[in-house]
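Visitor: sharing a model prediction with you, sequence too.
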2 protein chains.
Amino acid sequence: MKLTSKGRYAVMALVDLARFDNINPVSLRDISLRQGISLDYLEQIFSKLKKDQIVKSIRGTQGGYVLSKKPNEIKLTNIFHAVDEKVKTVQCKKESKKGCNGKATKCVTHNLWDELETHINTFFEKKSLEDLLKNNIEQRT
Amino acid sequence: MKLTSKGRYAVMALVDLARFDNINPVSLRDISLRQGISLDYLEQIFSKLKKDQIVKSIRGTQGGYVLSKKPNEIKLTNIFHAVDEKVKTVQCKKESKKGCNGKATKCVTHNLWDELETHINTFFEKKSLEDLLKNNIEQRT
DNA sequence: ACATACCTGACTAAATTGGTCAAGTATAGT
DNA sequence: ACTATACTTGACCAATTTAGTCAGGTATGT
Ligand code: FES
Ligand code: FES
């Protein structure tokens, strides 16, 4: 079970954005430099974040990105959903009545993984960007 | 974030084992057939489970595997540890003082991922094989 | 005009996963 | 003693996923 860079970077970038977008739009180049993430990769990520209306883009010189909602309205769930970082614990198709390997019934561990998935998603639903900002400010004092 | 088959199969196989090892040792061939897992793959998994003393092996005809502890003493943590299914959320080396990409300080999301890791591990520490057995019996009634 | 910075799609090297295959060794039953 | 069963070990591999790079664009403020 591991987190992918896409999800990790998306959150890092958004925290960075949330800290600096009060004054001006923030360019991906700045985020790239501050957070040490490849610019080209960031562009892929932000195109997805934009599609899910988590950020807005402003083109041209002095352009960049801005959050399109307040930090407390952006949950980790929303971010992860946008960049396709999904939590997948079961092997079977959840909606289908069939089990893992095409068997007729769900396997002996199905309920367990389903519970795990819920457990993890609860965490993502609770945490918002705002929580992360607070945490970060505390660290800097 | 997804679970790998190794961890999933390990738990499936152990639940199967726990259900049938009261009378005789259970052969991997039986588990393979009942659970629909490749025999060769099961062998890899069980060699790891054995190394961590979760199961005992009995060779020869009528041989097989037996749990080496009671079901309520075998937590998911133990199983996952045995088969190297680890929860890895941070990118950096946890013990090191350095951050993700070799930076001097921990990144803005480090604490978050660390919290998540704890959150998930808590789940694994609580659940034992016995819990799964109960759940399964309930289903069969 | 021109620099900045968003936008898009194709491509790829490396790692991981989910196995298979081959060649053993130990033991119970006949 | 022979043989079938079943554990044991290690090498190998195809397919997928990941974590990017690269090469072009397009819009806009100055
Ligand atoms: S995980 Fe859903 S049936 Fe096995
Ligand atoms: S995850 Fe540990 S420093 Fe970024």
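Guide: Cool, the structure landed. Numbering: from 1, shown residues only, chains lettered A, B, ... in the order given. Ligands and ions are numbered 1, 2, ... in the order given.

Visitor: give me phi/psi at residue A:55?
Guide: Dihedral angles of residue A:55 (phi, psi; degrees, to the nearest 10) stand at phi -130, psi 160.

Visitor: for it, list each beta-bridge partner.
Guide: Beta-bridge pairing of residue A:55, defined through DSSP bridges, involves residue A:67.

Visitor: list the contacts of it.
Guide: Residue A:55 sits next to A:14, A:17, A:46, A:49, A:65, A:66, A:67, A:68 when contact means CB atoms under 8 Å, 6 or more residues apart in numbering or on different chains. In this view, the C-beta of every residue, glycine as well, is placed from N, C-alpha and C.

Visitor: so where is chain A shaky, pLDDT-wise?
Guide: A:138-141 (pLDDT under 70).

Visitor: need the residues of it near ligand 1, please.
Guide: Chain A comes close to ligand 1 at residues A:90, A:91, A:92, A:99, A:100, A:106, A:107, A:109, A:110, A:113, as judged by CB under 6 Å from any ligand atom.

Visitor: you'd agree the first one is up against residue A:115?
Guide: No: distance between residue A:90 and residue A:115: 10.4 Å, which falls outside the contact criterion (CB atoms under 8 Å).

Visitor: the two: who's more crowded?
Guide: Neighbour count, other CB atoms under 10 Å in any protein chain shown: between residue A:90 and residue A:115, residue A:90 has more, with 21 against 14.

Visitor: that one and residue A:124, how far apart?
Guide: In this view, residue A:90 and residue A:124 are 17 Å apart by CB to CB, to the nearest Å.

Visitor: now residue A:103
Guide: 30 Å.

Visitor: do the same with residue A:114
Guide: The gap separating residue A:114 from residue A:124 is 16 Å, by CB to CB.
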